[in-house]
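In: coords below, sequence missing:
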């Protein structure tokens, strides 16, 4: 993939995570909803790809943990 594609993936991840938080804040989602956790998981995985490509280790590990938390949330629901 090109640098531009990794950049686009990073921005997609940003939009997904911020959207999840906004929708939670506006009460369109509950904190224990699958939709909320799936948006966070997808966003975190996009950010992981971007951070790995850019060798941004703190951002990489933050989003690995964020993804794991989203997976735990999904497991608790199901």
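Out: Structure's in. What do you need? Here the structure is a predicted model, which means the values were calculated and not measured. Numbers count the residues shown, from 1 in each chain.
In: residue contacts, residue 17?
Out: When contacts are counted by Cβ atoms under 8 Å, 6 or more residues apart in numbering, residue 17 touches 39, 40, 43, 44, 47, 66. Any C-beta I mention is one placed from the backbone N, CA and C, and that applies to glycine too.
In: now do 6 Å
Out: residue 43 (Cβ atoms under 6 Å, 6 or more residues apart in numbering).
In: helix or strand for it, which one?
Out: helix 3-25 (DSSP states H and E).
In: do the same with residue 68
Out: Counting by DSSP H and E, residue 68 is part of helix 57-77.
In: ok, now residue 42?
Out: Assigned by DSSP H and E, residue 42 falls in helix 34-53.
In: quick check: angle from that helix to helix 3-25?
Out: 150 degrees (axes from the mean of the first three to the mean of the last three Cα atoms, to 10 degrees).
In: which residues sit against helix 34-53?
Out: Under Cβ under 6 Å, 6+ apart, the answer for helix 34-53 is 6, 9-10, 12-13, 16-17, 20, 24, 29, 59-60, 63-64, 66-67, 70, 73-74, 77.
In: before we move on, what about stretch 56-75?
Out: Residues contacting stretch 56-75 (Cβ under 6 Å, 6+ apart): 37, 40, 41, 44, 45, 47, 48, 51, 52.
In: what about the residue lying closest to residue 6 once chain neighbours are set aside, distance to residue 47?
Out: Once flanking residues are discounted, residue 6 sits nearest to residue 53: 4.2 Å by Cβ to Cβ, 6 or more residues apart in numbering. Remark: distance between residue 53 and residue 47 (Cβ to Cβ, to the nearest Å) = 11 Å.
In: who has more neighbours, the two?
Out: Of the pair residue 53 and residue 47, residue 47 is the one with more neighbours under other Cβ atoms under 10 Å, namely 26 against 16.
In: Let's see the pLDDT reported for the more buried one.
Out: As predicted, residue 47 sits at a pLDDT of 98.
In: returning to what we had before: which among the contacts of helix 34-53 count as buried?
Out: Among these, the ones that count as buried by 16 or more other Cβ atoms under 10 Å are 6, 9-10, 12-13, 16-17, 20, 24, 29, 59-60, 63-64, 66-67, 70, 73-74.
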